[in-house]
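K.L.:
after the sequence you'll find the predicted model.
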Amino acid sequence: MHSVAANGAMIPSLGVGTWTLKGELCTEIVSHALSVGYRHIDTASIYRNEADVGAGLRASGIPRDDVFVTTKVWWTDIRAGDLERSAETSLKRLGLDRVDLLMIHWPNPQIPLEGSIRALNAVKRSGLARHIGVSNFPTALLAQALSLSDAPLVANQVEYHPYLDQSKILSACRGAGMAMVSYCPLYRGGGLFEEQAIGSAASRHGKSPGQVVLRWHIQQQGVVAIPRTTKRERLEENMAIFDFALSENEMSAISALSRQGSRICNDSFAPEWDAA
């Protein structure tokens, strides 16, 4: 498994997103993913599936230290005190004594960032998280978070796919030595897989459109992708992206699909995004 080096962390460049997965299905997907070679699992307090994820980790039989586990603190719980309690509760549910990466899931304009970042650092110092990071932070907020943090921030998890230009935040992450982790990396299908730039690359390489899009992600410096799936067979397909490479022209043609406004996750509490 290829990894991205990010401020002392080695983050496997392909992970399993578990948003919306629950119960036995979640446990089975996590366990099967690990059995076919994944070493990176992403969850969050708000997904309400941490116990199921933990059960999947244990069922897989893969040694704990071989798996990079991320969880996230929901935006209403990022006050100092609340954040530490959320982290401790997540660990209890997961059945782990630490996570590899703890993130602030979304910024909260009602809660001063200074206290949240201080609390995140406290969780790292106490050993409950090996590394810390943020999610859904546009460039201005990311710069603020970086300036407030004593420990290095290793990743910013954001929505990213060929329809969404994230060059500003990617450049900021690279400049800070951080990884950028792509959620919704496949744009949840839609018309993306029908795009000529993707279809023609898929034909040339004998790969599926999904494999081409995931390859496009991990071929970019510092980018990690965490596709979610409910199908066991899709896990194996998604993993089979390390035996080919897209040409510069293919990469550029896929990147050229980015268009303003094709954002899937834009909740009412979202921050002001960087202009495309």
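P.N.:
Received it, and whenever you're ready, just let me know what you need.
K.L.:
which SS class is the most centrally placed residue in the chain?
P.N.:
The residue lying closest to the centre of the chain (C-alpha atoms, centre = their mean) is residue 181, at 4.0 Å. With DSSP: H, G, I helix; E, B strand; the rest coil as the basis, residue 181 sits in strand.
K.L.:
for the one 4 residues further on, same thing?
P.N.:
In terms of secondary structure, residue 185 is coil; the call rests on three-state DSSP.
K.L.:
where does the prediction get shaky in this protein?
P.N.:
Segments of the chain classed as low confidence (criterion: pLDDT under 70) are 189, 260-261.
K.L.:
let's see that with 90 instead.
P.N.:
Along the chain, segments meeting pLDDT under 90 span 1, 188-191, 259-262, 266-268, 275-276.
K.L.:
now do the helices in it.
P.N.:
Counting by DSSP state H, the chain has helices at residues 23-35, 50-60, 82-94, 113-125, 139-148, 167-175, 196-205, 209-218, 232-239, 248-255.
K.L.:
closest one to residue 107 among those helices?
P.N.:
Closest approach to residue 107 among those (C-beta to C-beta): helix 139-148, 5.3 Å. The way it works is simple: take the backbone N, C-alpha and C, and place the C-beta from them, glycine included.
K.L.:
what packs against that closest one?
P.N.:
helix 113-125, strand 129-135, strand 153-159, helix 167-175 (3 or more C-beta pairs under 8 Å, 6 or more residues apart in numbering; DSSP states H and E).
K.L.:
and the residue nearest to the centre of the chain, what are its bridge partners?
P.N.:
residue 157, residue 224 (DSSP bridges).
K.L.:
can I assume it is in contact with residue 153?
P.N.:
No. Taking contacts as C-beta atoms under 8 Å, residue 181 lies outside contact range of residue 153: 12.0 Å.
K.L.:
coming back round to it: for residue 272, which of the helices of the chain is the nearest?
P.N.:
Taking C-beta to C-beta, helix 139-148 is the member of the helices of the chain nearest to residue 272, at 8.4 Å.
K.L.:
only C-alpha atoms, please: export that closest one in CSV.
P.N.:
Output in CSV follows, covering the C-alpha atoms of helix 139-148 (Å, rounded to 0.1, in the frame of the first residue of the first chain):
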residue,chain,number,x,y,z
THR,A,139,-7.4,28.2,3.4
ALA,A,140,-7.9,31.1,5.8
LEU,A,141,-9.1,28.9,8.6
LEU,A,142,-6.4,26.3,7.9
ALA,A,143,-3.7,29.1,8.2
GLN,A,144,-5.3,30.1,11.5
ALA,A,145,-5.3,26.5,12.8
LEU,A,146,-1.7,26.0,11.8
SER,A,147,-0.6,29.1,13.6
LEU,A,148,-2.4,28.1,16.8
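K.L.:
now do it: distance to the chain's middle.
P.N.:
19 Å (C-alpha atoms, centre = their mean, to the nearest Å).
K.L.:
likewise for stretch 70-90?
P.N.:
Counting by C-alpha atoms, centre = their mean, stretch 70-90 comes out at 17 Å from the chain centroid.
K.L.:
and for stretch 230-241?
P.N.:
Using C-alpha atoms, centre = their mean, the offset of stretch 230-241 from its chain centre is 17 Å.
K.L.:
same thing with stretch 239-256?
P.N.:
Chain-centre distance of stretch 239-256: 20 Å, with C-alpha atoms, centre = their mean.
K.L.:
distance between the ends of that stretch?
P.N.:
This stretch, stretch 239-256, spans 25 Å end to end (C-alpha to C-alpha, to the nearest Å).
K.L.:
so residue 132 touches residue 150, yeah?
P.N.:
No. Contact criterion C-beta under 8 Å: residue 132 and residue 150 do not qualify, at 10.1 Å.
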